[in-house]
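[1] Give the three-dimensional model of this entry:
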Amino acid sequence: MKKIIIPTLLVFALGLVSCEDKLDIPQKGVVTNETYYASDADAEAALTDMYANFVANVAGSEGIDNPEQVIINYAADDILSAGGHKADHDGFRVFDEFTYNESNGTLQACYDRYLGAVYHANLVISNLSNENRAGTEPKYTSAYTKQCVEEARVMRAYLHMMLAILWNRPAILDRLLEPDELPVQAESQEQVLNWVVSECDKAINSGSLPKRNGTGDKNATARMTVGFAQFVAGKAAMFANDPTTARKYLSALISSGDYKLVDTDEYWTNFHVAGDGNCEKIFEPNFIYDNTSPFWDNVWRSRWMVADVFCWRTDALASMPSVCPAAGWNGGAVQEDFAKKFVEHDGNSARRRACFLTEEEWLYEMEWNSDKNDAPLAEKETDPNRGISASTGVYSHGPYFEWKHMAYAKVPKILSGGKEYPGDNVSEIMGGASSQKNFNVARYAEALLLYAEACIGADEANGLKALNEVQARSGSGKISTKLTFEDVMEEKQYEMWFENCRFPDLVRWGKQGKVNLDQIFNKNYGGIHKHVPIVYDEFFTKGAAKHKLYTEYVVADHNDFSDKYMYLPFPLDRRLANHFKNVLGWESLNGNTSADE
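    So this is what the prediction gives:
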């Protein structure tokens with residue numbers, strides 16, 4: 001967040017003083033800080049820069065992964081890192097297996113990207129308001145600049161919430177820092193979260209923050225709005241263990257009428273181009289394909305190669321399924337025992353089918369690169385162009401195949417039922433296997449479930465109504481008659497699977513004494529890392545008469561989960577440079593304890 005002056009340039013400049021008169025030429029195309037931030041056009045450019053930075057960094061990719069998506073989801077108990085073998089994708093599988101350290105590149109990228117996004121929000125706030133160290137009034141003020149400041153305020157609050165959820169005690173960066181300043185680490189996670197709530201409240205009550213105009217307002221889903229501010233305030237309050245405050249903001253969001261769940265058979269669209277900007281989206285930064293710019297073209301505006309990462313391990317398959325847009329590398333796999341539990345709970349629901357396929361669905365209901373797609377089942381069962389042909393099998397998989405975040409080459413009929421949707425005949429990727437799907441940040445289903453949890457023991461009738469709304473839409477057939485923590489926790493795991501919720505929720509529930517983290521991570525299912533499946537097809541490996549998947553099990557290279565892993569360590573050089581302290585037992589690489597809790 002500090003302005004950086006490179007000493008070498010200063011020395012070089014001093015060496016040219018004698019030639020100053022010859023170099024006294026006005027620079028072309030340069031705008032100084034003294035003349036900028038002086039019009040609505042300048043404000044709009046600064047706000048656009050803030051959103052573009054978020055798209056490229058927080059919602060973008062680092063190498064082949066999105067740091068946020070990998071770290072939060074892979075750490076959960078219902079997802080396993082996959083790849084071609086137990087050492088593949090090692091840079092981010094370590095978050096699944098709890099073997100990362102302070103020097104991990106994905107960890108540093110995630111932290112830096114959040115901080116970079118905060119900086120771009122503060123550029124708007126500190127230059128278009130008096131929220132700077134000197135309290136200097138802005139050069140120009142209008143209704144529009146006030147709107148820009150409040151949008152940036154909500155963006156900054158959201159980013160701080162995520163930093164607090166992941167790192168516990170980040171610095172509160174409430175303005176641009178000057179060259180002589182270092183960030184000051186927060187005293188507690190609660191301090192950061194309470195500040196987030198107050199910032200959202202300030203934006204909501206400013207009268208300047210945009211509001212979604214009904215459930216059909218797609219444009220509002222791609223920017224900071226009153227609804228998103230209410231969502232962030234409510235979620236931050238829940239992580240601060242303040243359900244009363246959470247109910248206040250989430251109730252206002254729900255009663256606004258500006259959001260609703262999509263229909264049951266449309267559930268899958270929430271994660272694909274067909275559902276971008278739909279009635280359920282509270283915020284998702286908008287992907288815009290621009291083929292006129294060599295820098296932004298295809299790849300850089302979105303998640304480069306996530307179409308490969310989140311596709312199945314296609315080099316192990318007998319042929320390419322038609323749904324696959326590119327060669328797949330086998331990203332996060334649905335944990336086998338959880339998948340069984342999900343099937344038992346949801347059965348053939350639209351929600352479950354949108355998340356993953358069972359063996360029979362994957363083998364026979366999907367279209368493969370085969371002339372047997374319309375053939376009778378008996379012919380499909382002996383079709384050599386489907387199934388797992390590799391003798392090495394598919395690592396981390398049982399007989400269940402996730403595709404919730406797969407970028408589709410073509411919308412599968414299993415989900416669409418033959419109905420046409422936007423992008424039906426257009427691949428969801430662009431050049432470089434970059435997904436053009438908007439990056440989900442917040443959707444209404446999560447708001448309903450947070451509200452239901454906040455209502456336990458307080459406003460149970462309305463909390464049960466919110467829970468039932470999610471349950472009814474799922475298609476599972478289960479409708480709770482009482483509002484219990486167990487039902488809310490269970491429903492949230494199914495509804496929000498692979499959506500950045502499970503691991504942070506487990507940590508806060510563990511802190512509140514509601515769940516046993518040692519049991520969940522180290523003992524359930526025999527220990528998820530001690531019982532890692534590899535799935536094979538006996539049609540190929542055993543010469544069986546027809547396709548039949550089976551699993552064998554190995555032990556992953558892992559550390560057992562302990563309290564140490566509830567929060568991430570600060571990247572080593574960032575921690576040392578800013579004199580930060582980690583929490584819960586993290587040690588620096590030189591062996592000195594850096595914990596303060």
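[2] any idea which helix or strand carries the residue nearest the centre of the chain?
    Centroid check for the chain by Cα atoms, centre = their mean gives residue 69 as the closest residue, at 4.3 Å. Per DSSP states H and E: residue 69 is located in helix 67-74.
[3] Kindly provide the whole-number mean pLDDT of that helix.
    Helix 67-74 shows a mean pLDDT of 93.
[4] Dump it to PDB, restricted to CA.
    C-alpha atoms of helix 67-74 as PDB (Å, rounded to 0.1, in the frame of the first residue of the first chain):
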ATOM      1  CA  PRO A  67      -5.900 -18.500  -5.400                       C
ATOM      2  CA  GLU A  68      -9.100 -17.800  -3.500                       C
ATOM      3  CA  GLN A  69     -11.000 -20.600  -5.100                       C
ATOM      4  CA  VAL A  70      -8.200 -23.100  -4.500                       C
ATOM      5  CA  ILE A  71      -7.200 -22.200  -0.900                       C
ATOM      6  CA  ILE A  72     -10.700 -22.000   0.600                       C
ATOM      7  CA  ASN A  73     -12.300 -24.900  -1.200                       C
ATOM      8  CA  TYR A  74      -9.500 -27.300  -1.200                       C
END
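[5] Report all helices and strands that it contacts.
    Contact here means 3 or more Cβ pairs under 8 Å, 6 or more residues apart in numbering; DSSP states H and E; on that basis helix 67-74 packs against helix 90-97, helix 105-128, helix 143-167, helix 502-511. No exception for glycine: its C-beta is placed from N, CA and C like everyone else's.
[6] Quick check: next helix or strand after it?
    Toward the C-terminus from helix 67-74 - assigned by DSSP H and E - lies strand 79-80.
[7] Run through the neighbouring helices and strands of that following strand.
    strand 333-334.
[8] Which strands and helices lie in contact with the strand it packs on?
    Applying 3+ Cβ pairs under 8 Å, 6+ apart, one finds that strand 333-334 contacts strand 79-80, strand 401-402.
[9] Any chance of those strands in TSV with mean pLDDT as columns?
    Below are those laid out as TSV (pLDDT from 0 to 100):
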stretch	mean pLDDT
strand 79-80	96
strand 401-402	96
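[10] Let's have the ones you listed in JSON lines, adding distance to residue 108 and mean neighbour count.
    Formatted as JSON lines, the helices and strands packed on strand 333-334 follow (distance: least, Cβ to Cβ, whole Å; neighbours: other Cβ atoms under 10 Å):
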{"stretch": "strand 79-80", "distance to residue 108": "22", "mean neighbour count": "24"}
{"stretch": "strand 401-402", "distance to residue 108": "27", "mean neighbour count": "24"}
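[11] looking at the ones you listed, which is closest to residue 466?
    strand 79-80 (25.8 Å; Cβ to Cβ).
[12] strand partners of the closest one, parallel vs antiparallel please.
    Paired strands of strand 79-80, with direction, are strand 333-334 (antiparallel) (DSSP bridges).
[13] For the closest residue to residue 75 other than its chain neighbours, which residues are in contact?
    With Cβ to Cβ, 6 or more residues apart in numbering as the criterion, residue 75 has its nearest non-adjacent residue at 4.3 Å, and that residue is residue 503. By Cβ atoms under 8 Å, 6 or more residues apart in numbering, residue 503 lies in contact with 72-73, 75-77.
[14] Residues contacting stretch 74-84, please?
    Contact with stretch 74-84 is made by 73, 88-89, 92-93, 95-98, 313, 315-316, 329-335, 338, 392, 394-397, 493, 497-498, 502-503, 506, 520-521, 524, 528, 532, 565, as judged by Cβ under 8 Å, 6+ apart.
[15] Those, buried ones only, as a PyMOL selection?
    Buried residues among those (16 or more other Cβ atoms under 10 Å), as a PyMOL selection:
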select buried, resi 73+89+92+93+95+96+97+98+313+316+329+330+331+332+333+334+335+338+394+395+396+397+493+497+498+502+503+506+520+521+528+532+565
